[in-house]
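> Predicted model follows, preceded by the sequence.
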Amino acid sequence: MPIVAVICIIIFPPWSIVWTWVQPLPNTVEEQMEAAINHGLDGIIVYIDQAGREPEMYAAGWKDKVEQIEMSPGDLFRIASISKLYIAATVVKLVHDDSLSLDQTLAELLPELQDRIEYSDQITLRMIIQHRSGIPNFTDSPDIEWGKTNENPDDDLALVLDKPSNFAPNTKYQYSNTNYLLLGKIMDRVLGYSHHLYLQDEILTPLRLNDTYYWFRLVDESEKGRLSSGYGSGWDGDWKEVDYFTPGGQMVATAEDVGKFLRALHDGAIFTEEEQKTYTSVYFYEHTGLLPGYQSWAQYSEETDTILIQFVNTSGGYSWEKSAIIKNRIFKIIEKRTSFD
């Protein structure tokens, strides 16, 4: 890209983003939700859990534009990489069950990959959780097919096998979806069965997260209509029909269930005291998610002790930037009203 074009983008950002940002801050979340739709987002769901208040749920726009079905706060949504919070928590549980050790190497855990992933004898479980492994990100591969349902995570893994590492282990941080694909394989290996059952028993069931599903295929047929459509900016199709199975981007949930999980993660309700210490040492307490047609945000404000979950069923164009602005403006509305309490 010519240097003049780069400078223009920096100095003169797209007007639609500026317009979203400079609008006067409304007094209510409802008003901000409606503004989000006016700024070109198809549908949006927001869940707010602020300490000292009853949880709040909002929705605006379209769940299904073709059928003219309005978005509802209780609709199911593909939460994409927010799934990694659940997987990291599950790995920590297995570490404290003495099924895994954070110092075990990838070569020890999955010996069949020893000669196919560089530095496998130096990459530890801790590095994999923390995105410090250097293993290439399979979603960066030019051969990935986003519009195709792929039921076998090994097909995604094959995109990076025998490729050089991006860096030596533990020398950098670089987000890689391959890390969480590998965590799924590791957990299956040590358990001897699918780790989603362990996650269900150790996290979802105790927290009564009945609207959280490891895979969409686990949703009862009578409930599958609750899944929101997913739209791409400038594209007329619906991404709802593309399913995902690879660990780290595959889960489906309501905003309320994600909010309850995030609150439990922050409060430690998921863990014993020692498990909490381990989790704090290895992974985050917030996350975003992005798939074609779906954006998700799981955020926490320490200042107001507020959990905010935001789902947007539009991707592409400048929808991510607009969603970030909307999310930050909702936090400001919460701060403003808190100052008057």
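That came through fine.
> For burial, what's the neighbour tally of residue 77?
29 (other Cβ atoms under 10 Å). (C-beta placed from N, C-alpha, C; glycine too.)
> and what of residue 111?
12.
> measure it to residue 168 for me?
To residue 168, residue 111 is 21 Å away according to Cβ to Cβ, to the nearest Å.
> try residue 113
Counting by Cβ to Cβ - residue 113 and residue 168 are separated by 18 Å.
> Also residue 153?
Where residue 168 is concerned, residue 153 sits at a distance of 26 Å (Cβ to Cβ).
> neighbour count winner among these two?
residue 153 (22 against 12).
> Could you pull up phi and psi at that one?
phi -60, psi -20 (degrees, to the nearest 10).
> Quick one: residues contacting it.
Contacts were defined as Cβ atoms under 8 Å, 6 or more residues apart in numbering; by that measure residue 153 touches 181, 184-185, 245-247.
> which residues are contacting the longest helix that the chain contains?
Criterion DSSP state H: the longest helix present in the chain is helix 319-339. The contact list for helix 319-339 (Cβ under 8 Å, 6+ apart) reads 16-17, 20-21, 25-29, 32, 35-36, 39-41, 44, 46, 48, 50, 233, 290, 295, 297, 299, 301, 303-304, 306, 308, 310, 312, 314.
> Mind checking which of those land in strands?
Within those, residues falling in strands by DSSP state E are 44, 46, 48, 50, 290, 295, 297, 299, 301, 306, 308, 310, 312, 314.
> count of residues packed around the second one?
Translated: residue 46. 26.
> tell me the average confidence for stretch 289-306?
Averaged over stretch 289-306, pLDDT sits at 97.
> For that stretch, C-alpha coordinates in CSV please.
Extracted in CSV, the C-alpha atoms of stretch 289-306 (Å, rounded to 0.1, in the frame of the first residue of the first chain):
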residue,chain,number,x,y,z
GLY,A,289,-14.3,-13.6,19.7
LEU,A,290,-14.5,-13.3,16.0
LEU,A,291,-15.9,-15.6,13.3
PRO,A,292,-17.5,-14.8,10.0
GLY,A,293,-20.8,-13.2,10.9
TYR,A,294,-20.2,-13.1,14.6
GLN,A,295,-18.4,-10.8,17.1
SER,A,296,-18.4,-11.4,20.8
TRP,A,297,-16.9,-9.4,23.8
ALA,A,298,-16.6,-10.6,27.4
GLN,A,299,-15.2,-7.7,29.4
TYR,A,300,-14.9,-6.6,33.0
SER,A,301,-14.7,-3.1,34.5
GLU,A,302,-13.0,-3.1,37.9
GLU,A,303,-14.0,0.5,38.5
THR,A,304,-17.7,-0.3,38.5
ASP,A,305,-17.4,-4.1,39.2
THR,A,306,-19.3,-4.8,36.0
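> now the strands: where do they sit in the stretch 51-200 of the chain?
For the stretch 51-200 of the chain, strands defined by DSSP state E, counting those that start in this stretch occupy the ranges 56-64, 69-70, 77-78.
> Sheet-wise, list the partners of the last one with their directions.
With DSSP bridges as the test, strand 77-78 is paired with strand 252-253 (antiparallel).
> Now do the partner strand: everything it contacts.
Under Cβ under 8 Å, 6+ apart, the answer for strand 252-253 is 76-79, 209, 211-213, 215-216, 219, 227, 261.
> can you do 6 Å?
76, 78-79, 212-213, 216 (Cβ atoms under 6 Å, 6 or more residues apart in numbering).
> okay, stretch 148-160 in PDB with CA atoms only?
The C-alpha coordinates for stretch 148-160 follow below in PDB (Å, rounded to 0.1, in the frame of the first residue of the first chain):
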ATOM      1  CA  LYS A 148     -17.100 -24.900   5.000                       C
ATOM      2  CA  THR A 149     -18.100 -26.900   8.000                       C
ATOM      3  CA  ASN A 150     -15.100 -29.000   9.100                       C
ATOM      4  CA  GLU A 151     -15.800 -31.700  11.700                       C
ATOM      5  CA  ASN A 152     -12.300 -32.900  12.100                       C
ATOM      6  CA  PRO A 153      -9.900 -30.600  13.900                       C
ATOM      7  CA  ASP A 154      -7.000 -32.600  12.600                       C
ATOM      8  CA  ASP A 155      -7.700 -31.100   9.200                       C
ATOM      9  CA  ASP A 156      -7.000 -27.700  10.700                       C
ATOM     10  CA  LEU A 157      -3.900 -28.900  12.500                       C
ATOM     11  CA  ALA A 158      -2.600 -30.300   9.200                       C
ATOM     12  CA  LEU A 159      -2.400 -26.700   7.900                       C
ATOM     13  CA  VAL A 160       0.600 -25.900  10.200                       C
END
